[in-house]
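Undergrad: Quick one, what's the 3D model for this:
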Amino acid sequence: MDFELPEELRIFKQSLRRFVDTEMIPIERETTLPGGEKLKPEYYERFCRRAKDLGFWKMDIPEEYGGTGFSVLARSIVETELSRSIALPARGMGHIAGPSVRAILYSLTGEMKEKYLLPSVRGELKACFAQTEPDAGSDPGGMRTVAVRDGDHYVINGVKRFITGAGDADFMQLMAATDRAKGSHGGISCFIVDMNTPGVKLTTQYKTMMGDEPWEIVLENVRVPASHRVGEEGEGFRHAQQWLGAGRVRHGARALGVTERCLEMATSYAKQRATFGRPLADRQSIQWMLADMYVELEAARLLVYKAATRLDKGEDARNDAYVCKYFADEMAFRAADMCMQIHGGIALTTDLPIEKFWRQQRSFRITEGATEVMKMVIARHVLKTYA
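TA: Residues are numbered from 1 along each chain as shown. Sure thing, here's the model as predicted:
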């Protein structure tokens, strides 16, 4: 399979590269409010305006709902280029590309579609995705938040943790166990729950090393109409997987941008910095770091393009997404670490973006599927395929 980008995407990629190089990187240390979770209003307005100019505004929204309907591959290009800078907060391009609506909501029909999907694609409502729990992160089968049927309602009790965007959300896409014995194989259902529903409480807001500040949500006897269940009972995890596959490819695309910037910075510094009378670039130990970064970057790019292309074709690309996330997230952390090592002490300061790349990439080895879980499911595929 040929993974050369189509000409229109190559041109688009070049325009994004110019935007990042000339308009984001020069001011990347001054764009966010204290804490780093949100953009300052003036930069938010500027970047949103440029997103519209460059053509990636509402790129997650299908054309039939007023968006640009970008393919997964095109979205990966945007993610890669924007990730070369730390100008955007932890949640990246979601801050400046307009409404981003998870695949779950597109399965809504009738009154639910009118009440939640359409206002969301117009940017009038914000949603959060509530799946992770204190004892069920990478293992959704251990979910303890339970939804019990009571007539034409469900009564939901449980705790969700590390829920990004919960403080600003109007409603959540909540995963809850309707049959704990079945676990993730038919025992989890998805519900649309308004954040102002009695019994929904935002408790702890966690301050993380990446700048993101996710929430803990406690649900105590929360009554939700059965009509707010998405799909049939037990189909929740299937709906979640529709989003997680593309999300893992997004991790890979983001890792490409980080690694490319780290390689650029490390190479430039190695040529400029001299020790003991010779530039760092003359040292074999430094050359091998640069070579490793480059080779892994080339390999990861093919993995991202392959997974994105297969998703765009509607093929089963789950294993490609697992491989993509595992390899690329690990690669980008190594790249940030080597870039830091090559720069020495100056890399530990906040004058350079290296320490933030390092912190963010360390977190991505855990979120949306920890490295060990990715390897576990990849091993399952290997044992089945190569036995």
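
Undergrad: ok, and for stretch 262-271, which residues are buried?
TA: Using 16 or more other CB atoms under 10 Å as the test for burial, stretch 262-271 gives C262, L263, M265, A266, T267, Y269, A270. Backbone N, C-alpha and C define where each C-beta goes, glycine included.

Undergrad: Figure out how far it is from the centre of its chain.
TA: 27 Å (CA atoms, centre = their mean, to the nearest Å).

Undergrad: what's the average pLDDT for that stretch?
TA: Per-residue pLDDT over stretch 262-271 has a mean of 98.

Undergrad: Give me the contact list for it.
TA: Residues outside stretch 262-271 that contact it (CB atoms under 8 Å, 6 or more residues apart in numbering) are 279-281, 286, 289-290, 293-294, 297, 332, 335-336, 338-339, 342-343, 352, 354, 357.

Undergrad: how about 10 Å then?
TA: 84, 279-283, 286-287, 289-290, 293-294, 296-297, 332, 334-344, 346-347, 352-354, 357-358, 361 (CB atoms under 10 Å, 6 or more residues apart in numbering).

Undergrad: Which ones among the residues you listed lie within strands?
TA: P279 (DSSP state E).

Undergrad: Give the buried subset of the contacts of stretch 262-271 as a PyMOL selection command.
TA: Selection command for PyMOL covering only the buried members of the contacts of stretch 262-271, criterion 16+ other CB under 10 Å:
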select buried, resi 84+280+281+286+289+290+293+296+297+332+334+335+336+337+338+339+340+342+343+347+352+353+354+357+358+361
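
Undergrad: Where does the closest residue to T68 other than its chain neighbours sit: helix, strand or coil?
TA: Distance criterion CB to CB, 6 or more residues apart in numbering; nearest residue to T68, sequence neighbours excluded, is M59 at 4.9 Å. State at M59, reduced to three classes by DSSP: H, G, I helix; E, B strand; the rest coil: coil.

Undergrad: secondary structure element for D320?
TA: For D320, the element it lies in under DSSP states H and E is helix 318-343.

Undergrad: can I assume T203 sits in a helix?
TA: No. Counting by three-state DSSP, one finds T203 to be strand, located in no helix.

Undergrad: how about the nearest residue to it, chain neighbours excluded?
TA: E216 (4.8 Å).
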